[in-house]
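> The following comprises the amino acid sequence and a computationally predicted model.
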Amino acid sequence: MPQLLILGSGTAGTMAANLLRDKLDEEWRITIVDRDDDHHYQPGYLFIPFWMDPKRVVRSRRAFLPDGVEMVQAEIERVDADAQSVKLGDGTELTYDWLIIASGSHPRPDLVPGVADGPLWRDTVHEFYSLEGTTALRDKLRTFEKGRLLVHVAEMPIKCPVAPLEFAFLVEDHFRRRGIRHLVDITYVTPLDGAFTKPIASRTFGDLLDDRSIRLAADFAVERVDNEASTLNSYDGRALPFDLLVTVPPHTGARFVIDSGLGDDMGFVPVDKHTLRSTEHERIFVLGDASNIPTSKAGSVAHFATELFIDNFLAAIEDRPLPNAFDGHANCFLETGRGKALLLDFNYDTEPLPGTFPLAGVGPMSLLRNTRANHLGKLAFEQIYWRMLLPGHRLPVPVKMSMSGKKSA
């Protein structure tokens, strides 16, 4: 009986389990491993500090797995790719014929001195990339009345690279609606040379920061947080004072990836960026945030890549050439507050461009334009995620990026 083992039941792992169970013969045994039964809708973390109930973002992992997929709840300790086996934290060893690593990326506040190890942690130093963190930040914002607020990105890559910008816009709107915006000085602090990685989008976001009177501190390579002085310090000598620091910590791959020697310096597994197959082990594929592909670590990438991966996997197990090439397609909404949002659509070779999506001239979504329709699309995605994306139903958007409706700059 052929054995397929999936490590991680987040977005990509769950999608793969649903899609492959439908495609593979019943003789295949499919097992998925994760440490707990809590599947988190991570885009919801952004809204919890402002209005979303934390209970709304958590559901059972098992509830989204199809019949015929076994779930093992355990910590993953190590992968032995040569022996094609996986050791679990309880000592159990699972063997596989084919392995899918879908273990995501993980915020590491411990990697910046003075963040998680300082007395200001969860007091005036916060993050919103975990359920615990975003809930604590919600409580802090309820009592924050005035002062200097820093929204900070430590380094790239991170999950959903537009989320820090979204938080900056939403927190600005939060204080505006409370009538105390004039009492709060907001600075967006980034290691990039502008508001975003791509020039056209960076100009658009930079203009919006200016419009909302949010300062931009670019090229900021963080050295540490000084807990005594309440400053965010960079290697070039800058020290930004704060009354509230909302930081996005560095991200790494899963611990077991690092311990197994499968990852790069940050713990992300090197793969062919088009096929998602490990460059070192032909019986390993990597989905979602766990790989080193040069595009956003975002749910849309997991979605588009996993759909294209299915036919490649079916070809691989039959020793046929892999038919599909993933183009790095990413599609994401950027909340800007005040009931509006922007939409980005891009891939490995094409930066976010203005235009309409998904249909030329019709839309109904606008690219790189701040609209109410985009905001409603962002909110609607929550139900699309639970009802369509995770179960593996095809969405009415192109898997590969299309130039239809886009305007070259």
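Yes, it's here. Numbers count the residues shown, from 1 in each chain.
> how about low-confidence regions in the protein?
Low-confidence segments of the chain (pLDDT under 70): 409.
> Where does the record place the domain boundaries for it?
Taking automatic domain parsing as the reference, the chain has its domains at 3-39+59-104+254-316, 109-251, 332-389.
> the longest helix in the chain is where?
Assignment by DSSP state H gives helix 299-316 as the longest helix of the chain.
> got the residue ranges for the helices in this protein?
11-23, 131-143, 163-178, 199-211, 255-259, 299-316, 372-384.
> returning to what we had before: next, format the domains of the chain as TSV and append distance to residue 401 and mean neighbour count.
Using the backbone N, CA and C atoms, a C-beta is placed for each residue, glycine as well. Listed next are these as TSV, based on distance: least, CB to CB, whole Å; neighbours: other CB atoms under 10 Å:
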stretch	distance to residue 401	mean neighbour count
domain 3-39+59-104+254-316	8	20
domain 109-251	14	18
domain 332-389	4	18
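> With distance to residue 46 added, can I get the ones you listed in a markdown table?
What follows is these, written out as a markdown table (distance: least, CB to CB, whole Å):
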| stretch | distance to residue 46 |
| --- | --- |
| domain 3-39+59-104+254-316 | 12 |
| domain 109-251 | 6 |
| domain 332-389 | 7 |
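> which ones are touching the nearest residue to residue 251 once chain neighbours are set aside?
Nearest residue to residue 251 in three dimensions, chain neighbours excluded: residue 105, at 4.4 Å (CB to CB, 6 or more residues apart in numbering). Applying CB atoms under 8 Å, 6 or more residues apart in numbering, we find residue 105 in contact with 157-159, 251-253, 268, 289-290, 297.
> circling back: and of the helices of the chain, who's closest to residue 244?
helix 131-143 (6.9 Å; CB to CB).
> by how many degrees do that closest one and helix 163-178 diverge?
Here the directions of helix 131-143 and helix 163-178 differ by 30 degrees (axes from the mean of the first three to the mean of the last three CA atoms, to 10 degrees).
> Check the offset of helix 131-143 from the chain's centre.
Distance of helix 131-143 from the chain centroid (CA atoms, centre = their mean, to the nearest Å) equals 20 Å.
> So what touches that helix?
40, 45-46, 48-50, 54, 57-58, 122-124, 126-128, 171, 174, 244, 246.
> beta partners of residue 233?
Here residue 233 sits in beta bridges with residue 224, residue 239, going by DSSP bridges.
> Hmm, it is touching residue 226, no?
Yes. At 5.6 Å, residue 233 and residue 226 qualify as touching, with contact defined as CB atoms under 8 Å.
> Common neighbours of those two, please.
Listed as contacting both residue 233 and residue 226 by CB under 8 Å, 6+ apart are residue 239.
> What's the separation between the residue lying closest to residue 76 once chain neighbours are set aside and residue 83?
For residue 76, ignoring the flanking residues on the chain, the nearest one in space by CB to CB, 6+ apart is residue 256 at 4.4 Å. Distance of residue 256 to residue 83, given as CB to CB, to the nearest Å: 15 Å.
> go on, residue 11?
29 Å.
> what does residue 29 give?
18 Å.
> and what of residue 368?
With distances taken as CB to CB, residue 368 is found 49 Å from residue 83.
> Return the residues in contact with the closest residue to residue 394 other than its chain neighbours.
With sequence-adjacent residues excluded and distances taken as CB to CB, 6+ apart, residue 394 is closest to residue 307, at 7.4 Å. The contact partners of residue 307, by CB under 8 Å, 6+ apart, come to 15, 19, 394, 399.
> between those, which is closest to residue 110?
Each of those was scored against residue 110 by CB to CB, and residue 15 proved nearest at 30.3 Å.
> Which residue is the nearest non-sequential neighbour of that closest one?
Closest residue in space to residue 15, ignoring its immediate chain neighbours: residue 306 at 4.6 Å, by CB to CB, 6+ apart.
> check contacts around the one you found.
So residue 306 contacts 12, 15-16, 19, 287-288 (CB under 8 Å, 6+ apart).
> One more: residue 193?
Neighbour list for residue 193: 218-219 [criterion: CB under 8 Å, 6+ apart].
> can we see that at 10 Å?
Neighbouring residues of residue 193 by CB atoms under 10 Å, 6 or more residues apart in numbering: 199, 202, 218-219.
> for residue 7, same thing?
Residues in contact with residue 7 (CB under 10 Å, 6+ apart) are 13, 31-34, 76, 79, 86, 94, 96, 99-103, 254, 256-257, 284, 286, 290.
> Which of the residues you listed fall within strands?
Those of the contacts of residue 7 mapping onto strands are 31-34, 76, 79, 86, 94, 99-101, 284, 286, per DSSP state E.
> could I get those residues as CSV with distance to residue 351?
Formatted as CSV, the ones in strands among the contacts of residue 7 follow (distance: CB to CB, whole Å):
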residue, distance to residue 351
31, 40
32, 35
33, 37
34, 35
76, 36
79, 35
86, 39
94, 42
99, 34
100, 30
101, 29
284, 31
286, 25
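> Of the residues you listed, which is the nearest to residue 329?
Taking CB to CB as the measure, residue 329 sits nearest to residue 286 out of the ones in strands among the contacts of residue 7, at 16.8 Å.
> The closest one pairs with what?
Following DSSP bridges, residue 286 is listed with bridge partners residue 101.
> Can you tell me how far it is from residue 58?
According to CB to CB, residue 286 stands 25 Å off from residue 58.
> For residue 187, give me its contacts.
Counting by CB under 10 Å, 6+ apart, residue 187 touches 148-152, 168, 209, 214-217, 220, 232, 240-242.
> Which residues lie in contact with the closest residue to it other than its chain neighbours in this structure?
Once flanking residues are discounted, residue 187 sits nearest to residue 215: 4.1 Å by CB to CB, 6+ apart. Residues in contact with residue 215 (CB under 10 Å, 6+ apart) are 148, 150, 185-189, 209, 240.
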